[in-house]
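> need a structure here:
(5 chains, ligands or ions: 4)
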Amino acid sequence: MSFEVEVRRTLGDRMIEACFAAPSGLTVLRGVSGAGKTSVLNMVAGLLTPDQGRIIVNGQTLFDGAAGTNLPPHRRRLGYVFQDARLFPHMRVRGNLLYGYRLAPVDDRWMTLDEVVAFLGIAPLLDRWPRSLSGGEAQRVALGRALLSGARALLMDEPLASIDPARRSGIIEAILRIRNELSLPMLYVTHDPAEAEQLATQLVTIGG
Amino acid sequence: MSFEVEVRRTLGDRMIEACFAAPSGLTVLRGVSGAGKTSVLNMVAGLLTPDQGRIIVNGQTLFDGAAGTNLPPHRRRLGYVFQDARLFPHMRVRGNLLYGYRLAPVDDRWMTLDEVVAFLGIAPLLDRWPRSLSGGEAQRVALGRALLSGARALLMDEPLASIDPARRSGIIEAILRIRNELSLPMLYVTHDPAEAEQLATQLVTIGG
Amino acid sequence: MLLSDADWEIVRLSLKVSLAGVIVILPFAFMLAWLLARGRFPGKLLLDAAIHLPLVLPPVVIGWLLLLALGPAGPVGALLDRWFGVSVMFRWTGAAIAAAIMALPLMVRAMRLSIEAVDRRVEDAARTLGAGPGWCFLTILLPLSLPGIVTGFILGFARSIGEFGATITFVSNIPGETQTLSLAIYSALQVPGSDAAVWRLALVSVALSLGALVASEALSQRQRAGRSGHVL
Amino acid sequence: MLLSDADWEIVRLSLKVSLAGVIVILPFAFMLAWLLARGRFPGKLLLDAAIHLPLVLPPVVIGWLLLLALGPAGPVGALLDRWFGVSVMFRWTGAAIAAAIMALPLMVRAMRLSIEAVDRRVEDAARTLGAGPGWCFLTILLPLSLPGIVTGFILGFARSIGEFGATITFVSNIPGETQTLSLAIYSALQVPGSDAAVWRLALVSVALSLGALVASEALSQRQRAGRSGHVL
Amino acid sequence: RSKGPLVLAAASLQESLSAAADAWAAMGHDRPILSFAASSALARQIEAGAPADLFLSADEDWMNAVAAKGLLRPGTRSDFLANRLVLIAPAGSKGGMVIRRGFPLARALGKGRLAMADPGSVPAGKYGKAALMAMGVWPSVSNRIAAAENVRGALAMVERRQAPYGIVYMTDARAASAVRVAGVFPASSHPPIVYPLAILARSTHADANGFRRFLLSARGKAIFRRYGFGVK
Ligand SMILES: Nc1ncnc2c1ncn2[C@@H]1O[C@H](COP(=O)(O)OP(=O)(O)OP(=O)(O)O)[C@@H](O)[C@H]1O
Ligand SMILES: Nc1ncnc2c1ncn2[C@@H]1O[C@H](COP(=O)(O)OP(=O)(O)OP(=O)(O)O)[C@@H](O)[C@H]1O
Ligand SMILES: [Mg+2]
Ligand SMILES: [Mg+2]
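Ligands and ions are numbered 1, 2, ... in the order given. Presented below is the predicted three-dimensional model:
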């Protein structure tokens, strides 16, 4: 099993619950707006602590409420593409892309800067500051940053939301290659049925 | 003519150009990521000053480089749904929604809070702070805020990007109603061909 | 710790002087902070430097400059006297002016920091919704700068409670009129063997600003709790 | 304006004292600001209050407290002497300590304001990319708090150039060792008819901090220009 | 380079003692290091164990406080200088005043204030208050006092015409050109004004006693007499 997630967490007066196991490949999470998709990714990433439950990724227990296990985010080594790009405003695009790359053990890196820059088409942006990027440009940089971090699994929250159809198909191809060739497990949030169709090895509905 | 736009502006080493006239109804702007769609909307809204050109909306000249005309944003009365939601962090959802409503002359208002809340499905959110909203929730509030401002035209930058299919069709219906019944001119950015198909009375490609 | 009536009188006066000074200067400080954060005009650096003067010069010199400007023989002082028939010499109002001037640089700097941290795109959003520059300032910039205003207020209040040199030089040390806590402490320090009085008054100073601190923390806590309900 | 050799000596000493004090205290100030902005621990309010003390109490009282603690007969002073054989009494190091202590509250408050304005979600992003808490602090929080650090530095530097009461009380007024610009101005003020000397020295003070101001403005201008290239 | 003894001296001795130190240096000795501050601050430094050689206080109280703690070298204390108290007015103002019981000071002040060092704490102020009480005019002017930080502050107020009259030492009046002596208080109207001098118990400097003896010598006293002091 690549992801085994069984969590529960109260946010304000809402209760977010999720329970699924994903064999391997890419798991698409869907659900209406506000269902809790982002919250689930945050819990898997270690940014939000579940009230109770268990999170196991690639056989490693990241969180276990009963046993008191709770790995901090930087030890989980999950590449996370946030719903908002969340780039580092004080680093140029290149610095953003290499932030996780430099922290990853050499053996864990499975992509180079050049590869990422090429398939995301962000070569002209490398020396720019994040604040000057367009919506789609920032989103691509955020995607590249996560891919370069040598992660053992990917969490992607609507990574293609503001990317034009031409680029989108190129990126989808790359994601499929990562899924198939590197067999990296992924959790992927999207509202686009076509995208889900193309990418998913499994579909999970949150708050369904 | 509802929109007559002919502008040129340099951003860094990029030159953004647009030249189009829209008869009435909803004009979809498309173009690859970074083409300049957001920049064009910002110029129409008065947030970015063109280096040269003219912007006329509903026959009123908002900007004319040659004549030195440049109406400040708050006099243009255009409802703008930003690509990022850009809610006011220090006001609750209700305060955000009513911000423009309260500033609009009573006669200019063409929608009430109740109507907006109903068709966007944000009734449970009214007393929440923006920071606690999910991506799609924030996007809907931003949409509602612009609709309530009694604007004479609407600028929408991927307003449905992170909204689930079920809600999306409801909102599209509402937009169509605004387009047809109120005959409010709109500039609408989207990457989704299906959305463009449903909504557009005219298609304009930026940076084509 | 028991305070005598005279001590209470000093406390009351100190509060009056500090609060009056800081509250009156607050809007000016904010306008200056705004000018420095957002404005582009010739002489901006000079204005910036002038605001820092009360910090850079020994307080006694500031008191002396105030005296030259606002004293009966000074240009401003003469005008005040001629037009309004008021004199701030040897009056608590003069002490409040000294307190305000000494607090000014701290207040401006803190507020400026907060103003610069405000996301201008949020203000842009307000503009498109029909808010003119003034309304946008009041409803967006001002509340979003609240952390800087609170910090500026606390720094300014604490500074003016501790203000000594400029006050005694400008308006002298007159019990009941200009003898604030700091001046009373100084007087006590001059007398051998009056350590107990020094400690007592110093503790009162500390208690006053501790009170202000608690109030401000509570305020900003509440504010922060509200806005950042998002734990994501 | 011509400065005598003695004047230059005073300027050199003032710079040494202020810079040494402010630079040495800077990391501590940042840690304190961080603790107050982010920490939750019992006694936080007390720590906060303690940091404000140098602002609230008349400087002379702070000088006296320093004397009691760090003087040869004081508990800390005795330890310093026994362990390291150093004494700060009547030494420029003592003046630097006084300057640092007086600057501390201003520095902490400014830095805290900036730390509180940092978007924690950006730090979260760094964490998911493999940055441990320490690395995240160094590469994200610290640079994003730069405006507060610059402001804190300027406020602290200006404050210590203007510092007088605590210094003269703690380490006296010894030419060439503890007589900084402010103390020299005080000495000149004590001599009737020496207004020219007062003005000269005051102008030097102002020039020094104007220099610091220009440097800081240039620094933050450059930084701001870089990051906010977005005119949208 | 070798250094002379460290002398802690009351701020009002600045010109005269500097001249004496120059004379001593001209005789081939290392010039003493002079630190001028308020007597209270200097005494507290001595109490804290500061390593100085001589103490010249502006009044007996602080010398007594230091002596009581055994911090003076036995047999080295002497009442060194004497001073007189005078009533001053701005130069160019009219009207002399014979100072005797019930002299019309309150009437002469009119709406103005009487500048003097803080009568509650600063030596010159304490003497002044005693003198006014002896003359029986204290009750009529006690609410018209402008209390300054020290006697030089009081002098400055009259120099700048903030106050029509002031009470200062004869030596201060002599040094300032912008004031004139309006009257001299009878020596019997207040406790004798003496400046005690002593070597400190912790003094280690070989020249300490030599400089002390020079000050007490005829040559030394002549210097101080030039500045208007009475010498014993
Ligand atoms: N502090 C809070 N108080 C109340 N409700 C909260 C709080 N924080 C989050 N929520 C709610 O929790 C729900 C889950 O949010 P989440 O961001 O996980 O949704 P999502 O499935 O990602 O939605 P979207 O598709 O719109 O991004 C939302 O309805 C949100 O409003
Ligand atoms: N300061 C700047 N320096 C250089 N280039 C800039 C600057 N500001 C904006 N740009 C560029 O201008 C272009 C237009 O940006 P804009 O946001 O208008 O694009 P867009 O069409 O909205 O793209 P998207 O679909 O990704 O949102 C982008 O390529 C952007 O990188
Ligand atoms: Mg979400
Ligand atoms: Mg865009």
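> now whichever residue of chain C sits closest to ligand 4. Nearest residue, chain neighbours left out?
Residue of chain C nearest ligand 4, by CB to the ion: C:Arg121 (12.9 Å). Every residue, glycine included, has its C-beta placed from N, CA and C. In this structure, C:Arg121 finds its nearest non-sequential neighbour in B:Arg86, 5.8 Å apart by CB to CB, 6 or more residues apart in numbering or on different chains.
> tell me the pLDDT at the one you found?
What the model reports for B:Arg86 is a pLDDT of 94.
> C:Gly229 too?
pLDDT, C:Gly229: 41.
> for the helix or strand of chain E with the lowest mean pLDDT, which strands pair with it and how are they oriented?
Lowest by mean pLDDT, DSSP states H and E among the helices and strands of chain E is strand E:230-231, with a mean of 86. Next to strand E:230-231 in the sheet, as set by DSSP bridges, lie strand E:78-83 (antiparallel).
> and the partner strand, how far out from the chain's middle?
Relative to the chain's own centre, strand E:78-83 is displaced by 10 Å; criterion: CA atoms, centre = their mean, to the nearest Å.
> swap in stretch C:151-167?
For stretch C:151-167, the distance to the chain centre is 6 Å (CA atoms, centre = their mean).
> and stretch A:153-161, by the same measure?
4 Å.
> hmm, that stretch touching chain B?
Yes: applying CB under 8 Å from any CB of the partner chain, one finds stretch A:153-161 touching chain B at A:Asp157, A:Glu158, A:Ala161.
> ok, and what's touching that stretch?
The contact list for stretch A:153-161 (CB atoms under 8 Å, 6 or more residues apart in numbering or on different chains) reads A:2-3, A:37-38, A:41, A:44-45, A:57-58, A:77-83, A:139, A:142-143, A:146-147, A:168, A:171-172, A:178, A:184-192, A:195, B:135, B:158, B:161-162.
> can you tell me how far the residue of chain C closest to ligand 4 is from B:Thr112?
Noted for C:Arg121: a distance of 28 Å to B:Thr112, by CB to CB, to the nearest Å.
> do the same with A:Pro73
The gap separating A:Pro73 from B:Thr112 is 44 Å, by CB to CB.
> buried only: go through the residues of stretch A:153-161 next to chain B for me.
A:Asp157, A:Glu158, A:Ala161 (16 or more other CB atoms under 10 Å in any protein chain shown).
> quick one: least confident of those?
Lowest pLDDT among those: A:Ala161, 87.
> ranges for the strands of chain E?
For chain E, applying DSSP state E gives strands covering E:6-10, E:33-37, E:54-56, E:78-83, E:85-90, E:114-117, E:145-148, E:165-169, E:179-184, E:193-199, E:230-231.
> to ligand 2, which of those strands lies closest?
Ligand 2 sits nearest to strand E:33-37 of all the strands of chain E, at 57.5 Å, using CB to the nearest ligand atom.
> chain center to that closest one, what's the gap?
Strand E:33-37 has its C-alpha centroid displaced from the chain centroid by 14 Å (CA atoms, centre = their mean).
> avg pLDDT for that strand?
Per-residue pLDDT values over strand E:33-37 give a mean of 93.
> for chain A, which spans come out with low pLDDT?
A:208 (pLDDT under 70).
> so the residue nearest the centre of it: helix, strand or coil?
Centroid-nearest residue in chain A, with CA atoms, centre = their mean: A:Leu155, separated by 2.1 Å. Following DSSP: H, G, I helix; E, B strand; the rest coil, the label given to A:Leu155 is strand.
> find the nearest non-adjacent residue to residue 87, please.
If you meant another chain, say so; for now it's chain A. A:Pro130 (3.9 Å).
> please refer instead to chain E.
In space, E:Leu87 comes closest to E:Gly183 once its chain neighbours are excluded; the distance is 4.3 Å by CB to CB, 6+ apart.
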